[in-house]
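Peer 1: Sequence first, then the predicted structure, then my questions.
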Amino acid sequence: MKKYIEVYEKIRNMIISGEIKSGDKIPSIRRASEYFGVSITTVQNAYFELCADGYLIAVDKSGYYASDIMNKAEDIAEPENTGKPIKYDLTGTADESSFDFTLWQRYIKSALRQTQRMGTYSEPEGEYDLRSAISDYIKQKRNIIASPQRIIIGAGVGALMQVLASLLKERHTVSFPDGSFEQGIGIFSDYGYKVHTRFKDAEIIYVSPSHMTKWGDVMPIKRRLELIEYSKKNDSLVIEDDYESEFLYNSKPTPSLYTLGKNNIVYIGSFSAMLLPGIRISFMILNDELLTIYNSKRKLYSQTASKTEQIALGAYIRDGHLAYRTRKIRRLYTAKTRQLAEYLSKEIKGAETDIGENALQIILSCEFHGSPEVFEKNGIRLYIKEIKNNRITLVISPTGVEQKELYNCALTIKKSIGQ
């Protein structure tokens, strides 16, 4: 029996027996490798299989949790909230009402009818027809030329980061812009890397050029070219997470780092912002060096994304629905952001509002003499950029709020500010 299967069976049996309860956090990959006396790759593959079979849930920026095997994975314990239930989540959530579930269900049903195909495991790098559809899509939308053979599919950016961490063993230091990407930092730490923030001499540099901060700052072309030149000169690898590049309305389209200098760039893209967070499919494009390493050990990896969803998404993209969906939510999200900004400017005395470069965030600055906890107590979740000299600066993204609720949302923000 392969070692990863032994780890899989041990954890699976603990979940079924109740020794590990629904919502319990599972030890990190590094700690589990020490506990079971096996390699990190072995534990990684066991965790991938446990996720694929529904025993574990990978939670962004947090880690792995035990699911309820009776399909109650949503019962993962959340921190206690002593305020009101969150009515207005202004952190950039998806608008579920805008998604055509009936259409998506047709593609899922079509995938399930492919009984012979569904009776086999996915290739470690993912379904070829999805990788082919992604190859065509990014060529059209981002001017990125990458064959399907270069593309690796995973169930979220975290799963892809784990693959990368196992491929980059010749490098030892990694730098993130700040400490906000807790999941990525945790993964590289678990693999033994020295993790830094804003460390220019790191051998691996993670950046998100289209969404550098919570308030939507975009990396200018000059800075992109400088980063590429610096990485070439110092033989460092750049991980480009192209998060929210589809939503850059207020600035000219900026070329991806991969397009500008692909030899030392790994490109990562995701579909959760364009579809729904529950459709957890992301992809990465490997350069020549990493592709050679990956192909030499591809049998050690297991595909983490649902095969059914991969097949469905490949057809969904091929038939043009993703491009249509992107155009639709661009218009919808832009309209929401502008409408709420107008309400806030009208209702809040002395308010200064600015819409970010990606048109998904409102930067609101106004007088404030209260406590930051007041927002959650009033049922609002948002980012507080700064409180200084009796003024507060808020980052507000109303994408997940229904349009009919925008005015009431503005009034609740006004109440929380103390006006």
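Peer 2: Thanks, I have the structure now. A quick note: this is a predicted structure, and the numbers were derived from the prediction, not measured. Numbering: from 1, shown residues only.

Peer 1: Phi first, then psi, for Ile285.
Peer 2: Main-chain torsions, Ile285, degrees, to the nearest 10: phi -110, psi 120.

Peer 1: and it, how far is that from Glu125?
Peer 2: 11 Å (Cβ to Cβ, to the nearest Å). (Each C-beta comes from the backbone N, C-alpha and C, glycine too.)

Peer 1: Which residues are in contact with each of those two?
Peer 2: With contacts defined as Cβ atoms under 8 Å, 6 or more residues apart in numbering, the residues shared by Ile285 and Glu125 are 151-152.

Peer 1: Which strands and helices lie in contact with the strand or helix carrying Gly314?
Peer 2: When elements are defined using DSSP states H and E, Gly314 is found to belong to helix 307-318. With contacts taken as 3 or more Cβ pairs under 8 Å, 6 or more residues apart in numbering; DSSP states H and E, helix 307-318 sits against helix 101-112, helix 115-118, helix 128-142.

Peer 1: The lengthiest helix in the chain vs helix 101-112, what angle?
Peer 2: In the chain, ranked by residue count with DSSP state H as the criterion, the top helix is helix 321-347. Relative orientation of helix 321-347 and helix 101-112, computed by axes from the mean of the first three to the mean of the last three Cα atoms, to 10 degrees: 150 degrees.

Peer 1: Which elements pack onto helix 321-347?
Peer 2: Looks like helix 321-347 contacts helix 128-142, strand 352-355, strand 362-367, helix 406-417 (3+ Cβ pairs under 8 Å, 6+ apart).

Peer 1: and with 6 Å instead?
Peer 2: Packed against helix 321-347 by the contact rule (3 or more Cβ pairs under 6 Å, 6 or more residues apart in numbering; DSSP states H and E) you find strand 352-355, helix 406-417.

Peer 1: that older thread, make a markdown table out of the helices and strands packed on helix 307-318 and add mean pLDDT and distance to Ser270.
Peer 2: Putting the helices and strands packed on helix 307-318 into a markdown table (pLDDT from 0 to 100; distance: least, Cβ to Cβ, whole Å) gives the following:
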| stretch | mean pLDDT | distance to Ser270 |
| --- | --- | --- |
| helix 101-112 | 94 | 17 |
| helix 115-118 | 90 | 24 |
| helix 128-142 | 93 | 11 |
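
Peer 1: Can you tell me the closest non-neighbouring residue to the residue positioned nearest the centre of the chain?
Peer 2: Note on the chain: the residue nearest the mean C-alpha position is Val157, at 5.3 Å, using Cα atoms, centre = their mean. Nearest-residue entry for Val157: Ser282, 5.1 Å, with adjacent residues in sequence omitted and distances by Cβ to Cβ, 6 or more residues apart in numbering.

Peer 1: Count the neighbours of Tyr383 for me.
Peer 2: For Tyr383, the count of nearby residues is 17 (other Cβ atoms under 10 Å).

Peer 1: Ramachandran angles for it?
Peer 2: Main-chain torsions, Tyr383, degrees, to the nearest 10: phi -100, psi 130.

Peer 1: In three-state terms, label the closest residue to it other than its chain neighbours for me.
Peer 2: Once flanking residues are discounted, Tyr383 sits nearest to Val395: 3.9 Å by Cβ to Cβ, 6+ apart. Secondary structure state of Val395, per DSSP: H, G, I helix; E, B strand; the rest coil, is strand.

Peer 1: Ile355 versus the closest residue to Gln114 other than its chain neighbours, what's the distance?
Peer 2: With Cβ to Cβ, 6+ apart as the criterion, Gln114 has its nearest non-adjacent residue at 6.7 Å, and that residue is Ile311. Here the distance between Ile311 and Ile355 works out to 38 Å (Cβ to Cβ).

Peer 1: So which of these two has more stuff around it?
Peer 2: Per other Cβ under 10 Å, whichever of Ile311 and Ile355 has more neighbours is Ile311, with 22 against 18.

Peer 1: Isn't Ile348 up against Cys366?
Peer 2: Yes: at 5.4 Å, Ile348 counts as touching Cys366 under the criterion of Cβ atoms under 6 Å.

Peer 1: and the worst-scoring helix or strand of the chain on mean pLDDT, which residues are buried?
Peer 2: Least confident helix or strand of the chain, by mean pLDDT, DSSP states H and E, is strand 56-59 with a mean of 75. Residues 56-58 are the ones in strand 56-59 that count as buried (16 or more other Cβ atoms under 10 Å).

Peer 1: what about it, distance to the chain center?
Peer 2: Put simply, strand 56-59 sits 13 Å off its chain's centre (Cα atoms, centre = their mean, to the nearest Å).

Peer 1: for the helix holding Gly314, the distance to its chain's centre please.
Peer 2: Mean-position distance between helix 307-318 and its chain equals 19 Å (Cα atoms, centre = their mean).

Peer 1: Quick one, grab the pLDDT at Leu225.
Peer 2: Leu225 carries a pLDDT value of 88.

Peer 1: Which strand or helix spans Gly261?
Peer 2: Here Gly261, judged by DSSP H and E, is contained in helix 257-261.

Peer 1: same for that helix, what does it pack against?
Peer 2: helix 221-234, strand 265-270.

Peer 1: hmm, who's touching it?
Peer 2: The contact list for helix 257-261 (Cβ atoms under 6 Å, 6 or more residues apart in numbering) reads 143-144, 224, 228, 240, 265, 267.

Peer 1: Can you tell me which of those residues are classed as buried?
Peer 2: Buried subset of those (neighbour count, 16+ other Cβ under 10 Å): 144, 224, 228, 240, 265, 267.

Peer 1: quick revisit: so which of the helices and strands packed on helix 321-347 gets nearest Gly379?
Peer 2: helix 406-417 (6.8 Å; Cβ to Cβ).
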